[in-house]
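K.L.:
Whatever this is, show me its structure:
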Amino acid sequence: MGLITDSVSAKNSLKLIPDYSIEESPQPDYLVIPGGSGTRALLENEKLLTWVTQTAPFCENILSVCSGALILAKTDLLKGLKATTHHQVFPELEALAPETEIIKNQRFVDNGKILTSAGVAAGIDMCFHMVDRL
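P.N.:
Reported below is the predicted structural model:
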């Protein structure tokens, strides 16, 4: 995957049409890293990983849903923190983030700036939690 500006087809025929490429995007206040099967390929996308690494310090909060935690692990953003992900992804997260405490019995984990969730429904719960915080 390169840096895209064309539409992206997601699950259940949802189409996303970005306003900016990653290179052109303004600095986000909140960064949400979605999960799904596509995250594995993104673990090798140096342009994306560099963008996340450079963007994250200036975000108010960073949230990951499901296997999106793998992106945070790959960029060392989970180092020294607690995190969760979908139960089927625990082994991959443990391998990528050996200095992260993996929490296996919570729907989401709030570290202050960085939040991770266990799956899609848990990601909704995490977002309600974030709205409550705000």
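
K.L.:
contacts and neighbour counts: CA atoms only from here.
P.N.:
Will do.

K.L.:
starting at the chain centroid, how far to the strand or helix carrying M130?
P.N.:
If you go by DSSP states H and E, M130 is part of helix 120-133. Here the centre of mass of C-alpha atoms in helix 120-133, compared against the chain's by C-alpha atoms, centre = their mean, to the nearest Å, lies 14 Å away.

K.L.:
Same check on stretch 125-134?
P.N.:
Centroid separation between stretch 125-134 and its chain, computed with C-alpha atoms, centre = their mean, is 16 Å.

K.L.:
for the nearest residue to E60 once chain neighbours are set aside, what are its contacts?
P.N.:
Nearest residue to E60, sequence neighbours excluded (C-alpha to C-alpha, 6 or more residues apart in numbering): D29, at 5.3 Å. With contact set as C-alpha atoms under 8 Å, 6 or more residues apart in numbering, D29 has these partners: F58, C59, E60, N61.

K.L.:
related to what we said a few turns ago, what is the mean pLDDT for the helix holding M130?
P.N.:
Average pLDDT, helix 120-133: 96.

K.L.:
Likewise for stretch 106-117?
P.N.:
Averaging pLDDT along stretch 106-117 yields 98.
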